[in-house]
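1. I need the structure of the sequence given here:
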Amino acid sequence: MADFNTTFQKPTLGLGCWAIGGPFFMDGRAVGWGEIDDNVSRAAIAAARDHGIMHFDTAQAYGCGHSEIVLGDALKNCPDVAIATKIGLEIDTETKQLVGPITDPAVIRQSIDASRKRLGRDQIDLVLHHNNELPIADARPTFDMLATLYDQGVIGAYGWSTDIPESARAFADHPGFTTIEHAMNVLKPAEQIVPVIEDTNLLSLIRSPLAMGVLGGKYDANTQFSKDEIRGSNPGWQDYFKDGKITDAYLSQLDAVRETLRSEGRTLAQGALAWLWARTPNAMPIPGFRTPEQVTDLCGALVHGPLTQTQMDEIETILGRPNV
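-> Just a heads-up that it's a prediction; the model follows:
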């Protein structure tokens, strides 16, 4: 099995597989990243392997199973590469619809077997609960079930994709509970949940490290995103975009710190990842990707490493965040 836990060489980079899942929908809105070419996705995963990437993050929800299928096929000869997937959202693989949350541990157990089949693996290295805001009491039966699967060797580890500090701490004493996946980037420093993760010595698996592309350097105030993808569909649970455009507040913050992030020859995306590595020693960013070229740029961040403390202080001063 692959090793997906907190004892990794730093800085470490994983890759997120939301975008390669293709189109899928919830309540009539697009929640994927538009049309994709599976051959390009496989080439991008191969490029990641060439650059030494050992961690990939997917979910049953991404493309309603399609991301798992593509990733499993691309990594079928790479048993040493760790895969994390997320459970707890019911999917319709035919209509590509997210149906809603699942709280029945027996149903979730069956869905894990479906993920194992799509991924082509007897054991999934890391399983994360995908329901961010599920009350702790309602989540407990599922985490007890995951602890049993960990004991049985069906999964290598487990954790929670949540931004709620109390939830992050709730099951940290369970054997095999190693990871919190949460949103964080230079525009959203996650000041409440980071101390909890550090105190419990969990892995900080960071989603939205590039603020859904805002920190990638490709888009500006004139960019209009299609309603056929998440950034243009106004799903209501993200505030980086409104009516298919990047919001003015985030563009203003980005412009203010752009040059510091690009210090020492970094691209903007590389600087955003460097900020995360300097933010917490437990960080593993998992930026999304589509193409081999994007993967190469992201992996270039490893050459530069974290920002210096002076650079971090400069960014916090610019953004008026003395307590981060």
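2. Just the element for residue 53, please.
-> According to DSSP states H and E, residue 53 maps onto no helix or strand at all.
3. Read off the pLDDT value for the nearest residue to it once chain neighbours are set aside.
-> Using C-beta to C-beta, 6 or more residues apart in numbering and skipping residues adjacent in sequence, the residue nearest residue 53 is residue 15, 5.8 Å away. Heads up, the C-betas are built off the backbone N, CA and C, glycines and all. Model confidence at residue 15, given as pLDDT, is 98.
4. Just give me the neighbour total for residue 15.
-> 26 (other C-beta atoms under 10 Å).
5. my guess is it meets residue 295, correct?
-> Yes. Using C-beta atoms under 8 Å, residue 15 is in contact with residue 295, at 7.1 Å.
6. which residues do those two both contact?
-> 48, 53, 289 (C-beta atoms under 8 Å, 6 or more residues apart in numbering).
7. Between these, which sits nearest residue 67?
-> The shortest gap between residue 67 and any of those belongs to residue 289, at 11.7 Å (C-beta to C-beta).
8. Return the mean pLDDT over stretch 129-148, rounded to an integer.
-> Per-residue scores along stretch 129-148 average to 98.
9. Which positions in it come out as buried?
-> Using 16 or more other C-beta atoms under 10 Å as the test for burial, stretch 129-148 gives 129-132, 134, 139, 142-143, 145-147.
10. Reformat those residues into a markdown table and put distance to residue 83 next to each item.
-> Listed next are the buried residues of stretch 129-148 as a markdown table, based on distance: C-beta to C-beta, whole Å:
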| residue | distance to residue 83 |
| --- | --- |
| 129 | 16 |
| 130 | 15 |
| 131 | 20 |
| 132 | 21 |
| 134 | 23 |
| 139 | 22 |
| 142 | 20 |
| 143 | 20 |
| 145 | 20 |
| 146 | 16 |
| 147 | 20 |
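11. Now distance to residue 22 and secondary structure too, for those, in TSV please.
-> TSV is the format used below for those (distance: C-beta to C-beta, whole Å; DSSP: H, G, I helix; E, B strand; the rest coil):
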residue	distance to residue 22	secondary structure
129	23	strand
130	18	coil
131	23	coil
132	23	coil
134	26	coil
139	29	helix
142	27	helix
143	30	helix
145	30	helix
146	28	helix
147	33	helix
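12. and the two most separated of those residues?
-> Maximum distance among the buried residues of stretch 129-148 (C-beta to C-beta): 20.4 Å, for 132 and 147.
13. In stretch 289-298, which residues are buried?
-> Per 16+ other C-beta under 10 Å, stretch 289-298 contains these buried residues: 289-290, 292, 294-295, 297-298.
14. If you could redo that for stretch 94-103, that was the one I meant.
-> Buried-residue list, stretch 94-103, by 16+ other C-beta under 10 Å: 96-98, 102.
15. Out of these, which comes closest to residue 108?
-> residue 102 (5.6 Å).
16. so what's the closest one up against?
-> 87-90, 108, 111.
17. Where strands are concerned, which of those residues count?
-> Residues of the contacts of residue 102 located in strands (DSSP state E): 87, 89-90.
18. now those residues in a markdown table, with pLDDT?
-> Putting these into a markdown table (pLDDT from 0 to 100) gives the following:
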| residue | pLDDT |
| --- | --- |
| 87 | 98 |
| 89 | 98 |
| 90 | 97 |
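19. so which of the residues you listed is the most crowded?
-> Counting neighbours by other C-beta under 10 Å, residue 87 comes out on top of the ones in strands among the contacts of residue 102 with 26 neighbours.
20. hey, where'd the helices end up in the stretch 151-300 of the chain?
-> 165-170, 193-200, 248-261, 268-279, 292-299 (DSSP state H, counting those that start in this stretch).
21. Buried deepest among those, which one?
-> The highest mean neighbour count among these, using mean count of other C-beta atoms under 10 Å, belongs to helix 268-279: a mean of 24.
22. Show me what the nearest residue to residue 116 once chain neighbours are set aside bridges to in the sheet.
-> Residue nearest to residue 116 in three dimensions, not counting chain neighbours: residue 124, with 6.1 Å by C-beta to C-beta, 6+ apart. Counting by DSSP bridges, residue 124 forms beta bridges with residue 155.
23. surely residue 124 meets residue 113?
-> No. Using C-beta under 8 Å, residue 124 is not in contact with residue 113, being 10.0 Å away.
24. Show me where this protein has its strands.
-> According to DSSP E, the strands that the chain contains are 15-16, 25-26, 29-30, 55-57, 82-87, 89-92, 97-101, 126-129, 158-161, 177-183, 203-207, 241-242, 245-246, 283-285.
25. Looking at the ones in strands among the contacts of residue 102, spot the one nearest residue 253.
-> Nearest member of the ones in strands among the contacts of residue 102 to residue 253, counting by C-beta to C-beta, is residue 89, at 31.0 Å.
26. Need the CA coordinates for stretch 90-102. CSV is fine.
-> The C-alpha coordinates for stretch 90-102 follow below in CSV (Å, rounded to 0.1, in the frame of the first residue of the first chain):
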residue,chain,number,x,y,z
GLU,A,90,-25.0,10.1,-3.0
ILE,A,91,-24.3,10.1,-6.8
ASP,A,92,-26.2,9.1,-9.9
THR,A,93,-23.5,7.8,-12.2
GLU,A,94,-25.9,7.7,-15.2
THR,A,95,-27.4,11.3,-15.0
LYS,A,96,-24.2,12.8,-13.4
GLN,A,97,-26.3,14.3,-10.6
LEU,A,98,-25.3,14.7,-6.9
VAL,A,99,-28.4,13.5,-5.1
GLY,A,100,-27.6,14.6,-1.6
PRO,A,101,-25.8,13.6,1.6
ILE,A,102,-25.6,10.0,2.9
